[in-house]
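Visitor: here are the coordinates; sequence isn't available:
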């Protein structure tokens, strides 16, 4: 348990590039708010959707970018610091080690998403029913967890490929498109809508929007469940990939820097 | 229980690399070619060899980070391919250089994290970390971020990390590289104390004096093959029947080494840059005095100190890796 909790927090401080106050505030708090404002004003101009659509969508999206890049940093930066070999020499459970790495990013993602949502509400005057907040917290938490698991999948590729950032950059852009956070999903081609069903954020964003519009928690619970299920599937995939790539690194010497 | 801490039997490792997209070409490099040796429990064993000889690859196979292409290896009786967890519980790994630590964390947090990873029980961690900080002389500096550490301090932290879980076998891969003389002396003392305390140590180094001082036995590896194995005294016999002339020179012209190499009786020539000077080490057969010929060949070059001396372990090492002279390889490998 200590490896999961204490180990997770120490590794977060060691490996997360944006953990310094300036980077945290600039990249994780200020940046997403400006992105939210950009899309909200663009939406007003084009008349595509109301402010609520963009405020909620971008709040959920704020968690995704952090979790995706965080998951990759949790492995890629081990290569950068030359510590990966020492981590792989650990006799402890890999599952605990890697899940411990993902959890702080989920917590951080929840914090950033909540901040972005509150700022969006304050700056653009979005009315949110008081009773919706607990449900929104659960929804954002499910999105953050699913994104952290997805981030770990991307991180696993860092065990195999040196230039794993390429995968991250592409994935984040695709998520913006497929998840329907800034483009209504109904206007997307069918295959994009279908792809969106299998990535994190999509179901959470939809559930959060319904809550903001007054829906009950019970009515959105299935969508939160779907989001968590997707997160669990990615967590399992991450575990398998990490195991496979670690075994392959011993066979193919792909961790040539130690 | 095995009598040996480390057993390597016919270890081989090839690296396959692919270049090019349109016409991909695969290159196979045999880094280690059938290395066999055994290290006794509590022994301090040296692995010497030039860059690219296969030392680090051998260590990575023994510490489970690489799977051998062929051959087998056991650490404390556990197979390094099939029983990785058992091996990892019992070994520590330290390598030289600036990397391998979390720069943004303090030394204390680095050790706390690896204490978790290496399974040090929670109730023992604080005392163990304090003990190791004391051992490596970092007490009082443990709260500082590693990014501000000197190379010597990093190296000491590497050692503390490698010892966290009280490993029975410690792999030290060039631990003194780039470390100042005082820090290197402290490090040698630490290594000697560990071995005296019963820890089996496998040490790779480029510093012959370090190997001579510390190691019970030394294996010399070059081109992925074991060239010699024995005690330092036994290895020095590779340079028996030789004499050594050292010449300090300034501005040795290209081609001079080849010229000296061609002199009658000369067995080997080394040149080493030392500030503005170059140190020429000429090994010759003991019954041939090559000093006057060497000085004649250096006519026109400004010379400093010229001296003759008895061969050292370093001379023996040069003789072994260059593959000329000394006792038969097989006889010493079997020693």
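Guide: Sure, I can see it. These numbers come from a predicted model, not from an experiment.
Visitor: which residue packs closest to whichever residue of the stretch 1-150 of chain A sits closest to chain B, ignoring adjacent ones?
Guide: Distances between the stretch 1-150 of chain A and chain B by CB to the nearest CB are smallest at residue A:82, namely 3.1 Å. The C-beta positions use only the backbone N, C-alpha and C, and glycine is treated the same way. Distance criterion CB to CB, 6 or more residues apart in numbering or on different chains; nearest residue to residue A:82, sequence neighbours excluded, is residue B:99 at 3.1 Å.
Visitor: isn't there a strand covering the one you found?
Guide: No: per DSSP: H, G, I helix; E, B strand; the rest coil, residue B:99 lies outside any strand segment and is coil.
Visitor: mind listing what's buried along the helix or strand encompassing residue A:106?
Guide: Per DSSP states H and E, residue A:106 falls inside helix A:94-124. In terms of neighbour count (16 or more other CB atoms under 10 Å in any protein chain shown), helix A:94-124 has its buried residues at A:96-121, A:124.
Visitor: could you do stretch B:82-89 as well?
Guide: B:83, B:84, B:86, B:87, B:88, B:89.
Visitor: for residue 4, list the residues it contacts.
Guide: By default, I'm working from chain A. A:96, A:99, A:100, A:103 (CB atoms under 8 Å, 6 or more residues apart in numbering or on different chains).
Visitor: actually chain B
Guide: Counting by CB under 8 Å, 6+ apart, residue B:4 has contacts B:38, B:39, B:40, B:41, B:74.
Visitor: can you flag the buried ones in the residues you listed?
Guide: Neighbour-count burial (16+ other CB under 10 Å) applied to those gives B:38, B:39, B:41, B:74.
Visitor: which of the residues you listed fall in helices?
Guide: Among the buried ones among the contacts of residue B:4, none falls in helices (DSSP state H).
Visitor: quick one: pLDDT of the closest residue in space to residue B:173 that isn't next to it in sequence?
Guide: Spatial nearest neighbour of residue B:173, chain neighbours left out: residue B:95 (4.0 Å); criterion: CB to CB, 6+ apart. Confidence at residue B:95, expressed as pLDDT, is 84.
Visitor: quick check: which element contains residue 162?
Guide: No chain in the question, so chain A it is. Residue A:162 belongs to no helix or strand, assigned by DSSP H and E.
Visitor: my bad, chain B
Guide: helix B:151-163.
Visitor: pLDDT score for residue 1?
Guide: You didn't say which chain, so I picked chain A. The score at residue A:1 is 80. That number is its pLDDT.
Visitor: was after chain B, sorry
Guide: pLDDT for residue B:1: 64.
Visitor: pLDDT weak spots in the chain?
Guide: Went with chain A since none was named. Low-confidence segments of chain A (pLDDT under 70): A:256-258.
Visitor: right idea, wrong chain: chain B
Guide: B:1, B:323-335.
Visitor: what residue in the stretch 51-200 of chain B comes nearest to chain A?
Guide: For the stretch 51-200 of chain B, CB to the nearest CB, closest residue to chain A: residue B:99, 3.1 Å.
Visitor: contacts only, for that residue.
Guide: Here residue B:99 is in contact with A:81, A:82, A:83 (criterion: CB under 8 Å, 6+ apart).
Visitor: for the last one, what are phi and psi?
Guide: What it means is residue A:83. Note on residue A:83: backbone dihedrals following degrees, to the nearest 10 are phi -100, psi -10.
Visitor: so it sits right up against residue B:100, yeah?
Guide: Yes: the criterion here is CB atoms under 8 Å, and residue A:83 meets it with residue B:100 at 5.8 Å.
Visitor: can you name the residue of the stretch 201-335 of chain B nearest chain A?
Guide: residue B:204 (13.6 Å).
Visitor: what is the nearest of the contacts of residue B:4 to residue B:112?
Guide: Residue B:112 has its nearest neighbour among the contacts of residue B:4 in residue B:41, at 30.5 Å by CB to CB.
Visitor: how far off centre is the helix holding residue B:162?
Guide: 17 Å (CA atoms, centre = their mean, to the nearest Å).
Visitor: what does it rub up against?
Guide: By CB under 8 Å, 6+ apart, helix B:151-163 touches A:86, B:92-96, B:98, B:100-101, B:107, B:110-111, B:114, B:129, B:132-133, B:135-138, B:141, B:146, B:149, B:170, B:172, B:175-176, B:178-180, B:183, B:186-187, B:190, B:194.
Visitor: recalculate using a threshold of 7 Å.
Guide: Contacts of helix B:151-163 from elsewhere in the structure, counted by CB atoms under 7 Å, 6 or more residues apart in numbering or on different chains, are B:92-96, B:98, B:100-101, B:107, B:110-111, B:114, B:132-133, B:135-138, B:141, B:146, B:149, B:170, B:175, B:178-180, B:183, B:187, B:190.
Visitor: for ChimeraX, write a command that selects the buried ones of those.
Guide: The buried subset of those, as determined by 16+ other CB under 10 Å, is captured in ChimeraX by this line:
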select /B:92,93,94,95,96,98,100,101,107,110,111,114,132,133,135,136,138,141,146,149,170,175,179,183,187,190
